[in-house]
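*Asks:* Pasting a predicted model and its sequence here:
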Amino acid sequence: MNNAGYFSFCYTFVKIKLMLSPYYLNPYLEAGTDEAGRGCLAGPVTAAALILPQVPTFEEDTLIDSIENLYALINDSKQLSEKAREKLSPIIEKTAISFAITHIESIIIDEINILNASLKAMQECVLKLNPKPEYIIVDGNRPLIQKKGIVYKSGKIFSEEEKSILQSIPTTSIIKGDEKFLSIAAASILAKTYREAYMNEIHEEFPMYNWKKNKGYPTKEHREAIRKYGITKYHRLSFRLMPEQYAFDL
């Protein structure tokens with residue numbers, strides 16, 4: 001089914017389904033950001049940030065255009081199949097005013113911890129957006145900028161100008177924001193799609209872990225492979241890789 005056909009079936013569906021909220025405060029340059037892969041044993045944590053166009057109103061009973069159809073389909077990435085995410089992702093990219101993706105590798109995760117790595121990934125995404133957003137909404141309960149400020153000593157080191165930009169943009173963190181706001185949900189789709197592509201690629205290097213299927217998550221199959229073959233450069237040493245943690249030969 002082509003994109004036009006894929007969206008055309010949504011007309012009736014949209015009439016009975018309430019879309020996610022189009023924005024939190026600012027309908028023009030509000031960015032949403034989210035991450036994927038936080039709970040994985042291997043691979044990066046991946047973040048996306050994007051600014052979506054203002055949603056056309058659907059008060060009038062007119063034919064729904066492609067942007068409305070697209071927005072009706074956007075949902076928390078965890079609620080969508082991998083096939084659906086792959087179909088939506090390039091259309092979201094084309095529709096967005098701006099979008100950005102960042103991977104934070106396992107070695108950096110181990111050095112600064114997964115929470116800081118997740119926040120750092122989202123911060124780097126925000127800095128890549130052009131134009132710069134006027135407001136940012138973040139999935140979760142943690143502020144984008146922690147009280148201690150931006151003090152990372154691993155990975156990309158932010159310049160004073162970049163820190164100033166991040167600190168100057170007002171943000172709101174929203175629990176289950178990917179189930180409530182379009183821009184966060186769209187960011188979650190991009191983050192998950194790009195991370196899945198990354199895991200599919202490194203699967204070819206280490207097929208015995210079957211990352212093409214488990215994406216690095218702590219499945220029984222993945223942990224059995226760790227038990228049998230040991231760890232790789234992509235595994236997170238700061239995580240509990242096995243139910244009974246033991247020392248690995250590095």
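*Replies:* Right, received. Where do you want to start? Please read these numbers as outputs of a predicted model, since none were measured by experiment.

*Asks:* can you give me the offset of stretch 92-111 from its chain's centre?
*Replies:* 7 Å (C-alpha atoms, centre = their mean, to the nearest Å).

*Asks:* Span of that stretch from start to end?
*Replies:* Taking C-alpha to C-alpha, to the nearest Å, stretch 92-111 runs 33 Å from one end to the other.

*Asks:* quick one: buried residues of that stretch?
*Replies:* 92-93, 95-106, 108-110 (16 or more other C-beta atoms under 10 Å). Every residue, glycine included, has its C-beta placed from N, CA and C.

*Asks:* mean confidence for that stretch?
*Replies:* Regarding stretch 92-111, the rounded mean pLDDT is 95.

*Asks:* immediately after the least confident helix or strand in the chain by mean pLDDT, which helix or strand?
*Replies:* In the chain, no helix or strand scores lower on mean pLDDT, DSSP states H and E than helix 10-16, which sits at a mean of 34. Using DSSP states H and E, the helix or strand that follows helix 10-16 towards the C-terminus is strand 30-36.

*Asks:* so how far is that next one off the chain centroid?
*Replies:* 6 Å.

*Asks:* who does the very next helix or strand once past that strand touch, helix- and strand-wise?
*Replies:* Going down the chain from strand 30-36, the next helix or strand is strand 45-51, by DSSP H and E. Judged by 3 or more C-beta pairs under 8 Å, 6 or more residues apart in numbering; DSSP states H and E, the packing partners of strand 45-51 are strand 30-36, strand 98-104, helix 114-128, helix 182-203.

*Asks:* and these, which is most packed in?
*Replies:* Comparing the helices and strands packed on strand 45-51 by mean neighbour count (mean count of other C-beta atoms under 10 Å), strand 30-36 ranks first with a mean of 29.

*Asks:* what about dumping the CA coordinates of that strand to CSV?
*Replies:* Coordinates of each C-alpha in strand 30-36 appear next as CSV, following Å, rounded to 0.1, in the frame of the first residue of the first chain:
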residue,chain,number,x,y,z
GLU,A,30,7.6,23.7,20.5
ALA,A,31,10.0,20.7,20.3
GLY,A,32,9.2,17.2,21.7
THR,A,33,12.0,14.8,22.7
ASP,A,34,12.2,11.2,23.8
GLU,A,35,14.7,8.4,24.1
ALA,A,36,14.8,4.6,23.3
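
*Asks:* Adjacent strands (with direction) for it?
*Replies:* With DSSP bridges as the test, strand 30-36 is paired with strand 45-51 (antiparallel), strand 135-139 (parallel).

*Asks:* And those: which comes nearest residue 220?
*Replies:* Residue 220 sits nearest to strand 45-51 of all the strands paired with strand 30-36, at 22.3 Å, using C-beta to C-beta.

*Asks:* so where does the residue nearest to residue 138 when sequence neighbours are not counted fall, helix or strand?
*Replies:* Excluding the flanking residues, the one nearest residue 138 by C-beta to C-beta, 6 or more residues apart in numbering is residue 173, at 4.6 Å. Following DSSP H and E, one finds residue 173 within strand 171-174.

*Asks:* Thank you, goodbye.
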